[in-house]
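> Quick one: sequence and predicted model below, then my questions.
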Amino acid sequence: MIKRILDFYKISFPAAEPRHDEDARRFKSIRLATFLSATMGYGIYYVCRLSMNIVRKPIVEEGVFTETELGIIGSCLFFVYAVGKLTNGFLADRSNVKRFMSTGLLCSAVINLVLGFTNSFYAFVLLWGLNGWFQSMGAASGVVSLSRWYSSKERGTYYGFWSASHNIGEALTFISIALVVSWVGWRYGMIGAGIIGLSGFLMMSVFMRDTPQSQGFLLNEETIQNSVDKRKQSEEFSRAQKAVLRNPAIWILALSSAFMYISRYAVNSWGVFYLQAQKGYDTLDASFIISISSICGIIGTVLSGIISDKLFSGSRNIPALFFGLMNVVALCLFLLVPGVHFWLDALAMVLFGLGIGVLICFLGGLMAVDIAPRNASGAALGVVGIASYIGAGLQDIMSGVLIEGQKTVVNGTDVYDFTYINWFWIGAALLSVVLALLVWNAKSADTE
């Protein structure tokens, strides 16, 4: 039984009869369908991950959980996700990414559906933590798919487009799930996320493909030889993945990404809560403002790869510095300007979205993938991922504790002091910029 399961998820065998040059149009069509389904599929992964962030305030108001308990629940996903992203990054390099990625989304969708029917804190901790594991099957599969279907000369551009899936998913969550919650309550928000997740699973199952070789397309002599010599292929996977673990630049990038993820998930996890509690917005208005960052993030991620590939010859350092500083400025505008200023809050989210959109692409994966061996891109993403989501998990716990700890009740109304939280979030963004500067001259392992 276990062997059958392992065989089911193994990387696909090459087709018995390779296709020829006249099939170039068919190759591009299959590659585009794979790319689009992986991109939209990973966007829907985010709906099944961020649904909890929309329902936090209604859950507190109904007395189901406290802010600290919500922080603990949220951190369970991040910590398990961190371990899973490292483990599944290594597994994705050797897996059928179509089956691997679609399975993760299916399981995540089912968990969202189940949580719409319970009030148990322990059920939320267990299942939301388990959701983190299934969520970790998505990103590595998407990156490995890109590496299999696109050359290094095209990778930055298409990685930028694929990274827009983060923001597509965020925008879809902050708009659609917020509408459902405002109409019929938080339980249906969780159920709605599960239904959207099931639709994404069906889409990937139909349109995504594993490798070009499994469709009969042999991209170069190296892939032909490796597909024939499985033992040599396994040895090269192991050698490349060990090189990733020994590369200090990748670990520095991982730490830089961890601090960036603290600021990113500060807004994603607590931004709606912050706008409701600190500035008095209702659920729809608060979600709309946060969704602006997601929509602008699409622009940032799409342009990031194109700009770095076309204007900086594949170098990510200068745009990473610029947009890292933009992230710091955006958080200062959002958190440090007192009073309710809708257009200023919206502007802050425009800048935040553009900055985080680029940084997710660069610090969150591409810069590490660039300096890792090509056949260990999943491992490189796993190293960055485990650090990033440990940072995100610690952020959720610390934010929940500090928010509840600085809460007072005045005339029966909860009043929050976000002073310490503000500097925690802004300081993390600034540290991310400083750490990224330390790997300015790092070189690709394939060119050394």
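Arrived safely. The model shown is predicted, which means the values in this text are computed figures rather than measured ones.
> Quick check: the gap between the closest residue to Leu275 other than its chain neighbours and Ala387.
Nearest non-adjacent residue to Leu275, counting by Cβ to Cβ, 6 or more residues apart in numbering: Ala286, 3.8 Å away. C-beta coordinates here come from the backbone N, C-alpha and C atoms, glycine included. In this structure, Ala286 and Ala387 are 30 Å apart, going by Cβ to Cβ, to the nearest Å.
> just how off-centre is whichever strand or helix holds the residue nearest to Leu275 within its chain?
In this structure, Ala286 sits in helix 283-311 according to DSSP states H and E. Averaging C-alpha positions (Cα atoms, centre = their mean, to the nearest Å) puts helix 283-311 13 Å from its chain's average.
> Would you mark the buried spots in the next helix or strand after it?
Going down the chain from helix 283-311, the next helix or strand is helix 317-336, by DSSP H and E. By 16 or more other Cβ atoms under 10 Å, the buried positions in helix 317-336 come out as 317, 319-320, 323-324, 326-328, 330-331, 333-335.
> repeat for stretch 170-187
170-182, 186-187.
> Need the max-distance pair from those.
Ala171 and Arg187 (22.6 Å; Cβ to Cβ).
> Can you point out the helix or strand that includes the closest residue to Leu127 other than its chain neighbours?
Nearest residue to Leu127 in three dimensions, chain neighbours excluded: Ile111, at 5.0 Å (Cβ to Cβ, 6+ apart). Using DSSP H and E, Ile111 sits in helix 97-115.
> swap in Gly400?
Assigned by DSSP H and E, Gly400 falls in helix 377-405.
> List the buried residues of the helix or strand where Val272 lies.
Val272 belongs to helix 248-279 when assigned by DSSP H and E. Buried positions in helix 248-279, judged by neighbour count with 16+ other Cβ under 10 Å: 249-279.
> At the geometric centre of this protein, which residue sits there?
In the chain, the residue lying closest to the centroid (Cα atoms, centre = their mean) is His166, at 5.7 Å.
> from what I can see that one touches Gly300, true?
No. Assessed by Cβ atoms under 8 Å, His166 is found out of contact with Gly300, at 10.1 Å.
> shared neighbours, these two?
Counting by Cβ atoms under 8 Å, 6 or more residues apart in numbering, the common neighbours of His166 and Gly300 are Gly357.
> what's near enough to touch the residue nearest to Leu275?
Ala286 neighbours (Cβ under 8 Å, 6+ apart): 271-272, 275-276.
> Give me the buried positions along stretch 238-248.
So for stretch 238-248, counting by 16+ other Cβ under 10 Å, buried means 240-241, 243-244, 247.
> List just the nearest of those to Thr66.
Closest to Thr66, out of all of these and judged by Cβ to Cβ, is Val244, at 40.5 Å.
> How about the closest one: what's its closest non-neighbour residue?
Val244 sits nearest to Ala379 (Cβ to Cβ, 6+ apart), 4.5 Å away.
> before we move on, what about Ala368?
Ala380 (4.3 Å).
> ok, now Ile191?
Counting by Cβ to Cβ, 6+ apart, the residue nearest Ile191 is Gly116, at 3.9 Å.
> and what of Leu77?
That would be Gly132: by Cβ to Cβ, 6+ apart, it lies 3.8 Å from Leu77.
> In contact with Asp396, which residues are there?
Neighbours of Asp396 in contact, by Cβ under 8 Å, 6+ apart: 71, 74-75, 78, 265, 269.
> just to revisit the earlier point, as TSV, the buried residues of helix 317-336 with distance to Pro14 and pLDDT would be great.
Formatted as TSV, those follow (distance: Cβ to Cβ, whole Å; pLDDT from 0 to 100):
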residue	distance to Pro14	pLDDT
Asn317	38	79
Pro319	38	82
Ala320	38	83
Phe323	40	90
Gly324	42	91
Met326	45	93
Asn327	44	93
Val328	48	94
Ala330	47	95
Leu331	49	94
Leu333	53	92
Phe334	51	91
Leu335	53	90
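> and these as JSON lines, adding distance to Ser151?
Below are the buried residues of helix 317-336 laid out as JSON lines (distance: Cβ to Cβ, whole Å):
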{"residue": "Asn317", "distance to Ser151": "22"}
{"residue": "Pro319", "distance to Ser151": "22"}
{"residue": "Ala320", "distance to Ser151": "23"}
{"residue": "Phe323", "distance to Ser151": "26"}
{"residue": "Gly324", "distance to Ser151": "28"}
{"residue": "Met326", "distance to Ser151": "30"}
{"residue": "Asn327", "distance to Ser151": "31"}
{"residue": "Val328", "distance to Ser151": "35"}
{"residue": "Ala330", "distance to Ser151": "34"}
{"residue": "Leu331", "distance to Ser151": "37"}
{"residue": "Leu333", "distance to Ser151": "40"}
{"residue": "Phe334", "distance to Ser151": "40"}
{"residue": "Leu335", "distance to Ser151": "42"}
